[in-house]
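In: Everything below, folded, please.
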Amino acid sequence: MIPTFVFVHGSGSSGHSWSATQREMAARGHRTLAVDLPGRGAGITRAYYEQDLATFAAEPSAMSDVTADDFVGQVVDAVRLARRHGPVVLVAHSFGGLPVTAAANAIPELIDRVVYVAAQCPVDRAPGEYPGLPAWSSSDLFTATAPLLVGDPARQGFVRVNWRGADRAQRDALRRAISGELTEEQFLQVIVTSQPDEVFWLAGTEWDHRAGKDTWGRIPHTFVRLTKDRSMPPAAQDLYIAEGDALTPENPFDVRDLESSHAGFFRRPAGLARILDDVSVRAGAGSR
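Out: Residues are numbered from 1 along each chain as shown. Here you go, the predicted structure:
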């Protein structure tokens, strides 16, 4: 049976980020569905586009009312919809790994494989604890985005990033942190579709969804290591892999290396498509 690939984007992004990957997968004969997590478009206001920073900073955000359950429910609903047509391969990038892991715990019987593309897969600790570990110490992401933060996420209850306000030096720092192989012009296409508002998942117990041995652990899982990632360094990716393998040694990660930055593969999707093409053979044959 032909599997459906359900794609879940990362933080500050939307289902649109997978469009080139979906075209590449369609050319290979695959069926795909890209999920928009809740609150996409929040913060994209006239004040944001016109860079009326005083108004933009004072504006409320729909993201302050969005919960972890809302995110997980969106993924679960997408899987249920796709499952009507056959096997499902659930693919997560970056922050998208959190709702995907929670969905895998909730409905393991409906998922034939989970694929993490440099995505968060917490096992031994709360998700917000990982960025403070030594494995993350070489990440450039937080220093690159810090100058663009608007307000205090802990006080606001959401994260607001003024992507459009980055000057050339700040854009270059972002480009190197997120997708260093892209040209400045290509990276501007990434910035223009970035979502300014996001949930504040680093704090609180609501986002503490860890892989469960008897639920998530039942599903075959693949980890695509992005070897040139300067946002989630390879050492951090290896930590998720090691913890997952220790949780289910009888069902370890199928690890694939992809020479890419954290988001560069979105613009050059052939490498990931080749990996997913191989994964689809197992899922369609009933790998579970």
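
In: The residue nearest to E259 when sequence neighbours are not counted: neighbour count?
Out: In this structure, E259 finds its nearest non-sequential neighbour in T227, 5.3 Å apart by CB to CB, 6 or more residues apart in numbering. The way it works is simple: take the backbone N, C-alpha and C, and place the C-beta from them, glycine included. Using other CB atoms under 10 Å, T227 has 13 other residues around it.

In: does T227 really touch L258, like I thought?
Out: Yes: using CB atoms under 8 Å, T227 is in contact with L258, at 6.8 Å.

In: mind listing the helices for the stretch 51-200 of the chain?
Out: For the stretch 51-200 of the chain, the helices defined by DSSP state H, counting those that start in this stretch occupy 53-58, 68-83, 97-106, 141-145, 153-156, 168-179, 184-192.

In: Quick one: closest of these to A203.
Out: A203 lies closest to helix 153-156 among the helices of the stretch 51-200 of the chain, at 6.2 Å (CB to CB).

In: In the closest one, which of the residues would be classed as buried?
Out: P153, Q156 (16 or more other CB atoms under 10 Å).

In: Over to stretch 53-62?
Out: For stretch 53-62, burial by neighbour count (16+ other CB under 10 Å) applies to F56, E59, S61.

In: Over to it now: how far is its first residue from its last?
Out: This stretch, stretch 53-62, spans 18 Å end to end (CA to CA, to the nearest Å).

In: Show the pLDDT at the residue lying closest to A166 once chain neighbours are set aside.
Out: Leaving aside its sequence neighbours, A166 sits nearest to L148 (CB to CB, 6+ apart; 5.8 Å). As predicted, L148 sits at a pLDDT of 96.

In: got it, and G39?
Out: Reported pLDDT for G39: 93.

In: Hmm, it is touching S64, no?
Out: No: applying CB under 8 Å, one finds G39 not in contact with S64, separated by 9.4 Å.

In: The two: who's more crowded?
Out: Between G39 and S64, counted using other CB under 10 Å, the more crowded position is G39 (22 against 14).

In: Distance check, the more buried one against A62.
Out: 5 Å (CB to CB, to the nearest Å).

In: do the same with E181
Out: For E181 relative to A62 (CB to CB), the value is 34 Å.

In: Next: F158.
Out: 9 Å.

In: Mind listing the shared neighbours of those two?
Out: A42, D197 (CB atoms under 8 Å, 6 or more residues apart in numbering).

In: how deep is T45 tucked in, by neighbour count?
Out: Using other CB under 10 Å, T45 has 16 neighbouring residues.

In: That should have said S138, apologies.
Out: Neighbour number of S138 under other CB under 10 Å is 12.

In: Surely D140 touches R175?
Out: No: look at D140 against R175 with CB under 8 Å: they stay out of range, at 10.3 Å.

In: low-scoring stretches of this structure, by residue?
Out: Low-confidence segments of the chain (pLDDT under 70): 282-288.

In: quick one on the thing from earlier: correct me, but the residue nearest to A166 touches V161?
Out: Yes: applying CB under 8 Å as the test, L148 and V161 come out as touching, 5.0 Å apart.

In: Who has more neighbours out of the two?
Out: Higher neighbour count among L148 and V161: V161, with 23 against 18, using other CB under 10 Å.

In: Bridged to that one, which residues?
Out: Under DSSP bridges, the beta-bridge partners of V161 are L149.

In: Identify the residues contacting it.
Out: Applying CB under 8 Å, 6+ apart to V161 gives the contacts G12, T145, L148, L149, V150, S194, P196, D197, E198.
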